[in-house]
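A.B. asks: Just need the structure, nothing else, for what follows:
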Amino acid sequence: MGNSLPIDKPLLVTYNSNWADEMDIDGFYLTTQFRWDRFVERVNSHFKDKDDYTYYIGTNEEIVYESVEMLLSDFKVEEITAEEATLVLKLFGKGFGFTGPDVE
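C.D. replies: Numbering: from 1, shown residues only. You can find the predicted model right below:
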């Protein structure tokens with residue numbers, strides 16, 4: 001994949017959650033508006049058929065999301081400039097830490 005990213009409205013997406021009030025789950029990744037919109041579509045589609053989504057963060061640790069709003073509330077999405085995206089890519093790559101559930 002490399003460290004290239006289409007520069008079509010670059011977004012910095014941060015993920016912040018907590019497991020059982022015992023540990024914080026944090027991370028970030030770079031994406032585009034198109035990819036973020038596709039993720040939101042997958043989340044909405046998932047919850048049309050299912051009552052919850054379980055995000056496994058370890059061998060027996062999990063975060064259970066009971067709604068679209070609950071899941072998306074752990075993400076913060078911020079539009080950044082192409083220059084900022086290039087700098088983040090140079091320093092960290094596309095992401096770091098937990099980047100949140102990848103709902104399929």
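
A.B. asks: Please make it C-alpha for all contacts and neighbour counts, starting now.
C.D. replies: OK.

A.B. asks: what's in contact with stretch 66-78?
C.D. replies: 11-17, 43-44, 47, 51-53, 65, 100 (Cα atoms under 8 Å, 6 or more residues apart in numbering).

A.B. asks: Of those residues, which belong to strands?
C.D. replies: With DSSP state E as the criterion, strands contain Leu11, Leu12, Val13, Thr14, Tyr15, Asn16, Ser17, Tyr53, Tyr65 from among these.

A.B. asks: low pLDDT regions in this protein?
C.D. replies: 1-7, 104 (pLDDT under 70).

A.B. asks: show me where it has helices.
C.D. replies: 33-49, 68-72, 82-92 (DSSP state H).

A.B. asks: could the ones you listed go into a markdown table alongside distance to Asn60 and mean neighbour count?
C.D. replies: What follows is the helices of the chain, written out as a markdown table (distance: least, Cα to Cα, whole Å; neighbours: other Cα atoms under 10 Å):
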| stretch | distance to Asn60 | mean neighbour count |
| --- | --- | --- |
| helix 33-49 | 23 | 14 |
| helix 68-72 | 20 | 16 |
| helix 82-92 | 28 | 15 |
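
A.B. asks: Need those helices in JSON lines (columns: distance to Ile57).
C.D. replies: Supplementary listing: the helices of the chain in JSON lines, determined by distance: least, Cα to Cα, whole Å:
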{"stretch": "helix 33-49", "distance to Ile57": "18"}
{"stretch": "helix 68-72", "distance to Ile57": "14"}
{"stretch": "helix 82-92", "distance to Ile57": "21"}
